[in-house]
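Undergrad: Pasted the sequence and its predicted model underneath.
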Amino acid sequence: MLEVSRLTRRFKGADGVSDVSLSVRAGERVALLGHNGAGKSTLMKGILGLLPIDSGTALIAGHEVGSTAARAAVAYLPEAVSFHPALTGREQLRLFAKLARVERRDADNLLARVGLEHAAERRIGTYSKGMRQRLGMAQVFLGKPALALLDEPTSGLDPIARHDLYSLIDALAAQGTGVMIASHALTEIEARTDRIAILRGGQLVADAPLQELFARANMPIRFRLSAQADATVLFDRFGGQRINGARVEFNVTPDQKMARLADVTAMGAQVADVEIIPPSLEDLYRYYSKPAEAS
Ligand SMILES: Nc1ncnc2c1ncn2[C@@H]1O[C@H](COP(=O)(O)OP(=O)(O)OP(=O)(O)O)[C@@H](O)[C@H]1O
């Protein structure tokens with residue numbers, strides 16, 4: 001659905017994006033992560049044809065970006081989505097439907113699909129942020145685009161609204177649309193996307209499924225042992241840090257994990273409990289976004 005090859009866009013005194021290659025397949029949900037200024041918006045605008053690119057190519061459903069066919073195949077949800085406050089939800093969506101040459105009836109059905117049927121006749125000026133984002137998603141669904149680019153779709157939403165929005169994103173992917181989601185909300189990304197791409201200083205530093213990124217980073221796993229009586233004996237055996245005299249914590253590399261677990265089991269009743277804590281997505285993100293730590 002999307003094939004980006006060696007895309008470069010530089011600004012005076014800023015990185016923009018440099019030599020970025022990535023793809024999004026039909027029905028795939030790809031998260032695009034990166035610090036502020038890493039190049040996410042520049043990449044999205046380049047793909048949308050809103051920003052001229054210096055070199056490289058980007059094809060949407062086989063069409064060159066900026067062409068009429070490519071524009072027709074892509075939908076976009078900007079971070080600060082804004083609609084005309086005096087229009088009702090139904091009027092606004094019908095207007096978009098007309099522009100996209102989609103039947104009115106489909107627009108009406110989409111309002112129900114995003115859970116806005118009850119508010120269809122209300123002015124958008126009275127909508128909450130969550131309702132505006134739903135309307136934005138309805139606009140993305142119009143005409144079954146091959147590719148959808150969503151910029152921070154859940155920012156400013158409460159947990160329930162976020163969950164609902166991701167259900168809509170899942171439905172979008174299930175109909176075959178390739179979805180790229182720029183986000184800072186790491187915990188959501190973990191459960192709701194198929195692949196993660198990370199930009200750093202305008203360059204793509206990671207692009208793989210989450211498990212693969214974890215395996216490649218080879219980050220330490222934390223053991224947390226609770227002592228039955230006194231933590232000294234555990235500390236003498238494993239080292240690490242003593243916590244409150246009752247616990248011992250230490251790190252191991254992934255390949256040491258099973259052997260260390262066997263050592264812990266061999267301590268028998270002296271260990272009251274063991275927790276094995278894998279690295280978090282925040283740790284992983286930090287690993288790939290910090291120049292000094294990345295490979
Ligand atoms: N029109 C512009 N003129 C000059 N520099 C720009 C322009 N647009 C972006 N940049 C620069 O290019 C770099 C990438 O910016 P971009 O907006 O793509 O980052 P981002 O990852 O989307 O950040 P954020 O998470 O803050 O939205 C930044 O250094 C930014 O200052």
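TA: Looks like it arrived, so ask away.

Undergrad: The residue nearest to the spatial centre of the chain is in what secondary structure piece?
TA: Compute the mean C-alpha point of the chain, and by Cα atoms, centre = their mean the closest residue is residue 31, 3.2 Å away. In the assignment (DSSP states H and E), residue 31 maps to strand 29-33.

Undergrad: any idea which helix or strand comes after that strand?
TA: If you walk from strand 29-33 toward the C-terminus, the next helix or strand you reach (DSSP H and E) is helix 40-48.

Undergrad: Just list what that following helix packs against, helices and strands only.
TA: Where contact means 3 or more Cβ pairs under 8 Å, 6 or more residues apart in numbering; DSSP states H and E, helix 40-48 is packed against strand 2-11, strand 14-24, strand 29-33, strand 55-60, strand 74-77, strand 147-151, strand 178-182. Any C-beta I mention is one placed from the backbone N, CA and C, and that applies to glycine too.

Undergrad: show me the contacts for the residue nearest to the centre of the chain.
TA: 181-183, 189, 193, 195-197 (Cβ atoms under 8 Å, 6 or more residues apart in numbering).

Undergrad: ok, and for the lowest-mean-pLDDT helix or strand in the chain, which residues are buried?
TA: Confidence across the helices and strands of the chain bottoms out at helix 186-192, with a mean of 76, counting by mean pLDDT, DSSP states H and E. By 16 or more other Cβ atoms under 10 Å, the buried positions in helix 186-192 come out as 188-189, 192.

Undergrad: What is the nearest of those to the ligand?
TA: In terms of Cβ to the nearest ligand atom, no member of these lies closer to the ligand than residue 189, at 14.1 Å.

Undergrad: and the gap between the nearest residue to that closest one once chain neighbours are set aside and the ligand?
TA: Counting by Cβ to Cβ, 6 or more residues apart in numbering, residue 189 lies nearest to residue 31, which is 4.4 Å off, once chain neighbours are set aside. Shown here: residue 31 relative to the ligand, a distance of 13 Å by Cβ to the nearest ligand atom, to the nearest Å.

Undergrad: same thing with residue 282?
TA: Noted for residue 282: a distance of 16 Å to the ligand, by Cβ to the nearest ligand atom.

Undergrad: From residue 258, how far off is that residue?
TA: Here the distance between residue 282 and residue 258 works out to 25 Å (Cβ to Cβ, to the nearest Å).

Undergrad: Same check on residue 279?
TA: Relative to residue 258, residue 279 is positioned 17 Å away (criterion: Cβ to Cβ).

Undergrad: same question, residue 244
TA: Here the criterion is Cβ to Cβ. By it, residue 244 lies 28 Å from residue 258.

Undergrad: More neighbours: which of these two?
TA: Under the neighbour definition other Cβ atoms under 10 Å, residue 244 and residue 258 were set side by side, and residue 258 has more, 10 against 6.

Undergrad: and the more buried one, what helix or strand is that in?
TA: helix 257-266.

Undergrad: Residues contacting that helix, please?
TA: Under the criterion Cβ under 8 Å, 6+ apart, residues 221, 223, 225, 237-238, 252, 271, 274, 276 lie in contact with helix 257-266.

Undergrad: got the CA coordinates for it in CSV?
TA: Coordinates of each C-alpha in helix 257-266 appear next as CSV, following Å, rounded to 0.1, in the frame of the first residue of the first chain:
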residue,chain,number,x,y,z
LYS,A,257,17.6,-15.9,32.3
MET,A,258,16.8,-19.6,32.5
ALA,A,259,20.1,-20.5,34.3
ARG,A,260,19.5,-17.7,36.9
LEU,A,261,16.0,-19.0,37.4
ALA,A,262,17.3,-22.4,38.1
ASP,A,263,19.7,-20.9,40.7
VAL,A,264,16.8,-19.1,42.3
THR,A,265,14.8,-22.3,42.5
ALA,A,266,17.7,-24.1,44.0
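
Undergrad: so how far is that helix off the chain centroid?
TA: Helix 257-266 has its average C-alpha position 35 Å from the chain's average C-alpha position, going by Cα atoms, centre = their mean, to the nearest Å.

Undergrad: cool, and stretch 60-68?
TA: 24 Å.

Undergrad: same question, stretch 205-217
TA: Distance, stretch centre to chain centre, for stretch 205-217: 14 Å (Cα atoms, centre = their mean).
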